[in-house]
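Trainee: Here's a sequence, model it:
(2 chains)
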Amino acid sequence: MKRILIIMLLFFLVGNIMAQDTKQSEIDSLVDVALAKKGFKPSKTQFMIRGYGHTGLNNVTTNGDTESSYVGSAFAPIFLFKHSDKLLFEAELEFVLEANNLDVGLEYANVMYVANDYLTIRAGKFLLPFGTFMERLHPSWVNRLPTKPLGFGHDGIAPGSGIGLELRGSVNLGGPRLNYSVYSTNGPRLKDGSIEPDEAGRLLFSNFEDNNNSKAFGGRLGFLPFSDSSTEIGFSTYSTNGTGIKDTVYQDVGAFLYAFDFSFIKQIPAISGMVDIKSQYNNSKVDNATYIDEEDGLPYTFNNESNSFYAQLSYRPTMADNDFIRKLELVGRYSSFNAPVGAEWAGEAEQYAFGLNYWLSWRSLIKVAYQTTDTIGGHDGDGNTKGFFIHWAIGF
Amino acid sequence: MKTIYKTTIITLSLFLMTVLFVACSSTKDKYTDASDDDFKIEKSGAQLWGETCNRCHLAPSPTDYNDTDWDTIALHMRVRANISKDDIEKIREFLKSAN
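Mentor: Predicted coordinates for the structure are as follows:
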């Protein structure tokens, strides 16, 4: 009797659960039908926050003097607002803890409109396609090393961003691909030495309100000759007829910059992994001008031409059997910078950087790197700087 | 400095090169009955996802975002990385189908 009661109870419970499942699936299908009848679709408008950040430990020895510090979390949220399938707004803020201060910057903020299959219009502050490093590769979770190559960022010669208007697009040629961008921005400001005499002749690219009526014009053409998109070669220019403040002798000091970039990435079975090569050469020529020497007050001039170069090779054993090894990445980079002879900031620098990365996921990695930089001249004179870095970067 | 002339010449050269490349890729004239598609290397979204995303960063996991997110990310990447419409649409569809 007891057994019969238990069996009946089990049948009742199982039947009830099955009935609930059936009811739930019926409800789901009814909801789907109701939503379909109402014409429900996912919204075309979407607000999204993405971005990246990093933190770590820096140990830097400059001419025998060692400084070690945990570096505060750099946090760079990217705000995306998709207004429609053709219209998007993007903005990136950057919060960086540096020298006991919180630096906040608006790296870019622009509206982009897809006019047709081959043309997109961007307006606002945008990353300049001068080569590929600043536009595509500088975020900490994308950059394979904790530092930027020489010639980029603060004291660099390559423009990072600008305020203006850009046309860009890409076309698939049935295997090979071609991409282009042309733009006009406020252009750079010339440091004429009136505020920082030892910086006279340098270009400052953060020209939020144009200091003259001359605009900068530039563009980049990228060509991917192979159907697997493994290789890209690019050529960029950036030019302006005036960089100095309006109604000064520096008003018509022009500048012409160009860059070549190269990229190759491919999984090669013979070496059981992925090879990634990135390289860029930048050249900057500013018209010769006369500046005032801060020490003797005498005028001087120089051939204001600078260049920088970097080449980076990385390897990930993506075909290794061991999961731990598969997530490792070896990276090496050479970079150089040559400032104009005769300038107060004249100098040469050469840098070698080596790193070992461990990928926690496709957008998060731990970087361990060693870097050595030899400098001749420049602000700090001759010297050598060695750095050891452990950084944790994440994209989100 | 006549940089504006240099820029103009370079810009014109770039456009001419563009026109040349586009013109050379065209098969619409009467020399053959083959369609345009016969000359294109058609790739799946999965292939393009692997090849295109890896040019800058590791290819993303499709499951990390939902369909609506992928729509926004695809539009963003189309512009930021200058990816062609055909390619990005295939990548987006692959990501949405695999998440």
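
Trainee: Same question for the helix or strand residue A:232 falls within: list its buried residues.
Mentor: Residue A:232 is located in strand A:231-240, with elements delineated by DSSP states H and E. Buried positions in strand A:231-240, judged by neighbour count with 16 or more other CB atoms under 10 Å in any protein chain shown: A:231-232, A:234-240. In this view, the C-beta of every residue, glycine as well, is placed from N, C-alpha and C.

Trainee: tell me which residues of stretch A:91-108 are tucked away?
Mentor: A:91-94, A:96, A:107-108.

Trainee: Now render those residues as CSV, adding distance to chain B, pLDDT and secondary structure.
Mentor: Shown next, in CSV, are the buried residues of stretch A:91-108 (distance: CB to the nearest CB, whole Å; pLDDT from 0 to 100; DSSP: H, G, I helix; E, B strand; the rest coil):
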residue, distance to chain B, pLDDT, secondary structure
A:91, 12, 97, strand
A:92, 11, 97, strand
A:93, 16, 96, strand
A:94, 16, 94, strand
A:96, 21, 90, strand
A:107, 13, 94, strand
A:108, 10, 96, strand
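
Trainee: farthest pair in those?
Mentor: A:91 and A:96 (16.6 Å; CB to CB).

Trainee: how many neighbours does residue 47 have?
Mentor: Picked chain A for this. 11 (other CB atoms under 10 Å in any protein chain shown).

Trainee: That was the other one, I meant chain B.
Mentor: With other CB under 10 Å as criterion, residue B:47 counts 17.

Trainee: ditto for residue B:86
Mentor: When neighbours are counted by other CB under 10 Å, residue B:86 comes out with 17.

Trainee: same deal with residue A:243?
Mentor: When neighbours are counted by other CB under 10 Å, residue A:243 comes out with 27.

Trainee: can you tell me which residues contact it?
Mentor: By CB atoms under 8 Å, 6 or more residues apart in numbering or on different chains, residue A:243 lies in contact with A:187-190, A:203, A:212, A:214, A:250, A:253-255, A:286.

Trainee: Quick one: those residues as a markdown table, columns for secondary structure too.
Mentor: As requested, the contacts of residue A:243 are exported to a markdown table (DSSP: H, G, I helix; E, B strand; the rest coil):
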| residue | secondary structure |
| --- | --- |
| A:187 | coil |
| A:188 | coil |
| A:189 | strand |
| A:190 | strand |
| A:203 | strand |
| A:212 | coil |
| A:214 | coil |
| A:250 | coil |
| A:253 | coil |
| A:254 | coil |
| A:255 | strand |
| A:286 | strand |
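
Trainee: Going along the chain, name the helices of chain A.
Mentor: A:2-37, A:323-326 (DSSP state H).

Trainee: Is there proximity between the last one and chain B?
Mentor: Pointing back at helix A:323-326 there. No: remark: helix A:323-326 sits outside contact range of chain B, by CB under 8 Å from any CB of the partner chain, the gap being at least 11.9 Å.

Trainee: Distance-wise, check the residue most central in space within chain A relative to residue A:153.
Mentor: When chain A is reduced to its mean C-alpha position, the closest residue under CA atoms, centre = their mean turns out to be residue A:138, at 2.8 Å. Relative to residue A:153, residue A:138 is positioned 8 Å away (CB to CB, to the nearest Å).

Trainee: Common neighbours of the two, please.
Mentor: What both residue A:138 and residue A:153 touch, as defined by CB under 8 Å, 6+ apart, is the set residue A:160.

Trainee: which parts of stretch A:344-357 are buried?
Mentor: Quick answer for stretch A:344-357 (16+ other CB under 10 Å): A:344-351, A:353, A:355, A:357.
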